[in-house]
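*Asks:* just the structure for this:
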Amino acid sequence: MNKIKNPYKGFEDQGYNCFACCPSNPYGLKMEFYEDGDYVVSIWNSSDNYQGWLKTLHGGIQATLMDELGGWLVNRKLQVAGMTTDLKMRYRRPVPTGDNVKIELRGQIKEFKRNFAFIEVTLSHNGEICSICEMRYFCFSKEKSESDFGFTGCELE
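*Replies:* Next comes the predicted model:
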């Protein structure tokens with residue numbers, strides 16, 4: 001796996017403070033991403049700060065993690081900015097929390113039609129799939145990605 005360079009890092013003075021991926025957001029998830037063939041992957045520590053029920057990861061945090069991975073898929077694989085237009089979560093089993101609990105998020109673009117990327121992301125713990133997310137992302141043109149969002153590309157470190 002190769003680490004993906006955060007294309008927004010360094011833009012904090014211009015307002016970049018993403019809850020999911022900004023490394024300097026004190027309340028954020030501080031996600032990092034890797035490319036593994038057709039997949040984008042994130043390994044994340046499921047800390048107790050993100051509980052819903054006792055020692056169980058909140059479902060909304062799971063959705064946020066998976067949605068963010070979808071955005072990075074669009075950034076890295078299509079080299080444009082995008083936005084979620086539809087998101088369907090399926091929660092299969094509880095996800096534990098704790099200082100040493102690592103979860104893996106793994107997603108790929110299943111199909112691309114017109115300006116829409118159809119994405120599937122799984123969330124696993126100890127090799128077991130706990131949640132599955134299917135989403136649709138609207139993908140902006142390269143020109144609009146740059147002019148409206150300051151996105152100029154997403155490279156590997």
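*Asks:* gap between the nearest residue to residue 98 once chain neighbours are set aside and residue 122?
*Replies:* The shortest distance from residue 98 to any non-neighbouring residue, by C-beta to C-beta, 6 or more residues apart in numbering, is to residue 48 (6.2 Å). For the C-beta atoms, the positions are set from N, CA and C on the backbone; glycine is no exception. Look at residue 48 and residue 122: by C-beta to C-beta, to the nearest Å, they are 23 Å apart.
*Asks:* now residue 61
*Replies:* Residue 61 is 16 Å from residue 122, by C-beta to C-beta.
*Asks:* next, the closest residue to residue 33 other than its chain neighbours: phi, psi?
*Replies:* Nearest residue to residue 33, sequence neighbours excluded (C-beta to C-beta, 6+ apart): residue 4, at 4.4 Å. Main-chain torsions, residue 4, degrees, to the nearest 10: phi -90, psi 130.
*Asks:* pretty sure residue 4 contacts residue 153?
*Replies:* No - taking C-beta atoms under 8 Å as the definition, residue 4 is not a contact partner of residue 153, at 11.1 Å.
*Asks:* these two: which has the busier surroundings?
*Replies:* Neighbour count, other C-beta atoms under 10 Å: between residue 4 and residue 153, residue 4 has more, with 20 against 13.
*Asks:* which residues in the protein form strands?
*Replies:* 2-3, 34-36, 39-45, 82-91, 102-113, 116-125, 128-139 (DSSP state E).
*Asks:* nearest to residue 55, of these?
*Replies:* strand 116-125 (12.2 Å; C-beta to C-beta).
*Asks:* that closest one - contacts with which helices or strands?
*Replies:* If you count contacts as 3 or more C-beta pairs under 8 Å, 6 or more residues apart in numbering; DSSP states H and E, strand 116-125 packs onto helix 59-73, strand 102-113, strand 128-139.
*Asks:* of these, flag the one that's most buried.
*Replies:* helix 59-73 (a mean of 21; mean count of other C-beta atoms under 10 Å).
*Asks:* so which residue is dead centre in the protein?
*Replies:* Among the residues of the chain, the one closest to the centroid is residue 69, at 1.8 Å (C-alpha atoms, centre = their mean).
*Asks:* quick one, what contacts that residue?
*Replies:* Taking C-beta atoms under 8 Å, 6 or more residues apart in numbering, we find residue 69 in contact with 31, 33, 40, 42, 105, 106, 107, 121.
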